[in-house]
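Undergrad: with the sequence up front, the predicted model follows.
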Protein chains: 2
Amino acid sequence: MAPNRGRTRARSAVLRDVAALAGVSAMTVSRTLNAPERVRPDTRARVLAAVKSLGYRPNQAARRLATGRSGVLGVVGFDITLHGPSATLYAIERAARRHGYAISIACLDSADLGSIGEGVRGLRSQEVDGVIVVVPHEAAAGVVRDLHPGLALVVVDAGTGMPVPVVMTDQAGGAATATGHLLDLGHETVWHISGPAGWTATRERVQGWRSALEAAGRPVPEVLSGDWSPQSGHRLGRRLAECPHVTAIFVANDQMALGVLRALREAGRRVPEDVSVAGFDDVPETGYLRPSLTTVRQDFRALGDHAFRLLLQRMEGETGKTVEVIGTELVVRESTGRAPRAF
Amino acid sequence: MAPNRGRTRARSAVLRDVAALAGVSAMTVSRTLNAPERVRPDTRARVLAAVKSLGYRPNQAARRLATGRSGVLGVVGFDITLHGPSATLYAIERAARRHGYAISIACLDSADLGSIGEGVRGLRSQEVDGVIVVVPHEAAAGVVRDLHPGLALVVVDAGTGMPVPVVMTDQAGGAATATGHLLDLGHETVWHISGPAGWTATRERVQGWRSALEAAGRPVPEVLSGDWSPQSGHRLGRRLAECPHVTAIFVANDQMALGVLRALREAGRRVPEDVSVAGFDDVPETGYLRPSLTTVRQDFRALGDHAFRLLLQRMEGETGKTVEVIGTELVVRESTGRAPRAF
DNA sequence: AAAAATTATGTTAGCGCAAACAAATGTAAC
DNA sequence: GTTACATTTGTTTGCGCTAACATAATTTTT
């Protein structure tokens, strides 16, 4: 029952205390806080004074129980230490806070369907009003099958095949632009170091790169598959550095591109004189690398903002499938240049 | 009252529904879920079967209201897009989840006392059981004065002067080690590019650097103050690059060190032959820079784990002040070398 | 000035759960 | 078989808040 029946700890003020102090009913206090325009200004002032003097804060759990709404949104995230996810989470949090929502997070160990479902279930039992899934993994979209239909849900950067609203970056477009940029510089073809299998971004960047090559009628080299880490970029970069006919590499993210740059340098191949390298993400460091990196900038802020707005619409009852696509921007720096004459 | 009085939407199962199906009282269902050992195995089995068949999930808001505990912890964070904070947040989330706690976050615009207080207040009104403040800012520790004494609170990486438990990285020790490493390499003295004023890490790294120099009886140069960004490192690095007597620079984080490396290169000064540079943080990219960066590794994972454990103790009623210090590790790479003979 | 419309406030009840106490059932001791 | 005790289950009540309805105070209309 009362959590501190025996204790004497000063119980914090509740609605009734405020009501008593202001000389009104509890309901009037409630209205003062939730629909101030329905209370006469002088009454309102008295109530607010009482609220202030008692340091009253409404108990959200009780409000939640009474209204069935919590004012909390859930975010399911995978590896929020990465730049993209943390930037997206940050944007979502800011947008939500501006609209009076709090954020609960659930971080996943692995991006399989089971984990995602578990994350969403965990948040649901916290009575969140809606959930945003920021798991840029193919499995993410499949999660809906596992859910109660009643839940407002938005998925960020997952595939578009599912009957859920999706907000995504135009990965394929960005990849195609970067690839096209390299072809425009006179390179015969462009090699690609991709992210790990299973990630939406991996598939779409491969696809954008491939379609750009095909559109230009160029040969499509074999894809080398990394894991987003500088280490993997370094390892795969070494392999490409050995092939003298490789003059342009489009790397699926900036961290791997960093590893590639190092591998090329170690192999004595100059960037961009011998080999051009383009990355993806435009993490803050990119402009200060040696050489600075040509890359595709993603607007994570917009991604988060749109995800929140879309979720808001869902919670207000709109249904149907929506896909919002956020554009990218090619940032040309030092790491890309004209193809060498020699070849 | 009932949130969906008029609607016909299938209300999800509640305790009473489960009880009816299992042929027991609501209380027995509650016990089956919260204290299974106090229910006879056969009854328990019947109840669990009913739970499963109805897809029952307990309403956390109601439980919260009845018990006064929420099973939710709040984390107040500042700029979670930075490596340190996001890694710490991740570690906290993982530790909390393992122990059955959910995490609510509040991100701050600015790290002043008012914002922090607002963040904590916001989380309190969500009825969190405890709060971890991850705002590596001097102002963070002062926040306690603004709070109800009843709240379990732990502060990460803030100053130690306050009557709150604090978990912190041994910034000063790490800075002293890095500085000592440079002195050992024969440098006459070490210059320092610090973080912005107001950050705990800034003050402590300055202090560690200064004490190492003083202990060795070396002159203490003027501190150059940056803002953690590569840009500021670049700007300040240019100033140091102009002084030929500068042979060793300890930079307060890796991102600024990156800017310094670029500035030195642009000025024609070689690293490490002419100038040695050491950073702080060991972000994942550091090993692949050109040259790879000697830096001080922080263990954010341990930081988060300890913060959670300390908070758990607080929530169990322990009081008094505690300070836990997490050690650092110097990672020597290419950017530091022996002092040039010339001088 | 009385009736009607409007606005402001109060009363009641219940959201779903678990604490406290009460009762019933089972087990052990004599 | 009865008393003493432990174990299991049930009943009541209230956590703090707000939806819905009820009533009082005010303004507008006739």
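TA: Yep, it's here. Remember, predicted model here, so these are calculated numbers, not experimental data.
Undergrad: residues contacting A:A19?
TA: Going by CB atoms under 8 Å, 6 or more residues apart in numbering or on different chains, A:A19 touches A:S25, A:A26, A:T28, A:V29, A:A50. Every residue, glycine included, has its C-beta placed from N, CA and C.
Undergrad: switch to 7 Å and redo it
TA: Applying CB atoms under 7 Å, 6 or more residues apart in numbering or on different chains to A:A19 gives the contacts A:S25, A:A26, A:T28, A:V29.
Undergrad: local confidence estimate at it?
TA: The per-residue pLDDT reported for A:A19 equals 94.
Undergrad: which ones are touching the nearest residue to it once chain neighbours are set aside?
TA: In space, A:A19 comes closest to A:A26 once its chain neighbours are excluded; the distance is 4.5 Å by CB to CB, 6 or more residues apart in numbering or on different chains. By CB under 7 Å, 6+ apart, the residues touching A:A26 are A:L15, A:R16, A:A19.
Undergrad: could you do A:Q298 as well?
TA: Contacts of A:Q298 (CB under 7 Å, 6+ apart): A:G84, A:T169, A:D281, A:D282, A:T328.
Undergrad: what does A:T169 give?
TA: So A:T169 contacts A:D157, A:Q298, A:L303, A:I326, A:T328 (CB under 7 Å, 6+ apart).
Undergrad: what about the closest residue to DNA strand D within the stretch 101-250 of chain A, how many neighbours?
TA: When distances are taken as CB to the nearest atom of the strand, the stretch 101-250 of chain A reaches nearest to DNA strand D at A:E127, 12.9 Å away. Residues near A:E127, counting by other CB atoms under 10 Å in any protein chain shown, number 22.
Undergrad: before we move on, what about A:V18?
TA: The number of residues packed near A:V18 is 26, by other CB under 10 Å.
Undergrad: same thing with A:S53?
TA: By other CB under 10 Å, the residues close to A:S53 number 12.
Undergrad: separation between it and A:V47?
TA: Applying CB to CB, to the nearest Å, the value for A:S53 to A:V47 is 11 Å.
Undergrad: do the same with A:S229
TA: Plainly put, A:S229 is 57 Å away from A:V47 if you go by CB to CB.
Undergrad: please apply the same query to A:R210.
TA: 65 Å.
Undergrad: cool, A:H181 as well?
TA: A:H181 is 63 Å from A:V47, by CB to CB.
Undergrad: surely A:I105 and B:E93 touch.
TA: Yes. The criterion here is CB atoms under 7 Å, and A:I105 meets it with B:E93 at 6.3 Å.
Undergrad: so what sits against both of those two?
TA: B:I103.
Undergrad: nearest to B:A252, of the contacts of A:Q298?
TA: A:D282 (23.9 Å; CB to CB).
Undergrad: for the one residue in chain A that gets nearest to DNA strand D, give me its contacts.
TA: Scanning chain A for the residue nearest DNA strand D gives A:L15, at 2.7 Å (criterion: CB to the nearest atom of the strand). Each residue near A:L15 by CB under 7 Å, 6+ apart is listed here: A:A26, A:V29, A:S30.
Undergrad: now do it, the pLDDT please.
TA: Predicted confidence (pLDDT) for A:L15: 93.
Undergrad: could the contacts of A:Q298 be laid out in CSV, adding distance to B:I80 and secondary structure?
TA: Converted to CSV, the contacts of A:Q298 look like this (distance: CB to CB, whole Å; DSSP: H, G, I helix; E, B strand; the rest coil):
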residue, distance to B:I80, secondary structure
A:G84, 13, helix
A:T169, 20, strand
A:D281, 17, strand
A:D282, 19, coil
A:T328, 23, coil
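Undergrad: which stretches of the stretch 51-200 of chain A have low pLDDT?
TA: A:141, A:143-149 (pLDDT under 70).
Undergrad: mind running it again at 90?
TA: By pLDDT under 90, the low-scoring segments of the stretch 51-200 of chain A are A:55, A:60, A:68-71, A:78-84, A:98-100, A:108-127, A:135-153, A:155, A:157-166, A:198-200.
Undergrad: related to what we said a few turns ago, okay, A:R210 and A:V47: which has more neighbours?
TA: More crowded of A:R210 and A:V47, by other CB under 10 Å: A:V47, with 25 against 17.
Undergrad: from what I see, the more buried one and A:A20 are in contact.
TA: No. Taking CB under 7 Å as the definition, A:V47 is not a contact partner of A:A20, at 11.4 Å.
Undergrad: give me the common contacts of these two.
TA: What both A:V47 and A:A20 touch, as defined by CB under 7 Å, 6+ apart, is an empty set.
Undergrad: and the strands in the stretch 201-343 of chain A, which stretches?
TA: In the stretch 201-343 of chain A, the strands defined using DSSP state E, counting those that start in this stretch lie at A:224-225, A:248-251, A:276-278, A:295-297, A:323-326, A:329-331.
Undergrad: mean pLDDT and mean neighbour count for those - can I get that in a markdown table?
TA: Output for the strands of the stretch 201-343 of chain A, formatted as a markdown table (pLDDT from 0 to 100; neighbours: other CB atoms under 10 Å in any protein chain shown):
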| stretch | mean pLDDT | mean neighbour count |
| --- | --- | --- |
| strand A:224-225 | 97 | 18 |
| strand A:248-251 | 98 | 30 |
| strand A:276-278 | 97 | 27 |
| strand A:295-297 | 97 | 25 |
| strand A:323-326 | 93 | 16 |
| strand A:329-331 | 97 | 15 |
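Undergrad: okay if I get those as TSV plus distance to A:A263?
TA: As requested, the strands of the stretch 201-343 of chain A are exported to TSV (distance: least, CB to CB, whole Å):
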stretch	distance to A:A263
strand A:224-225	12
strand A:248-251	10
strand A:276-278	10
strand A:295-297	18
strand A:323-326	32
strand A:329-331	22
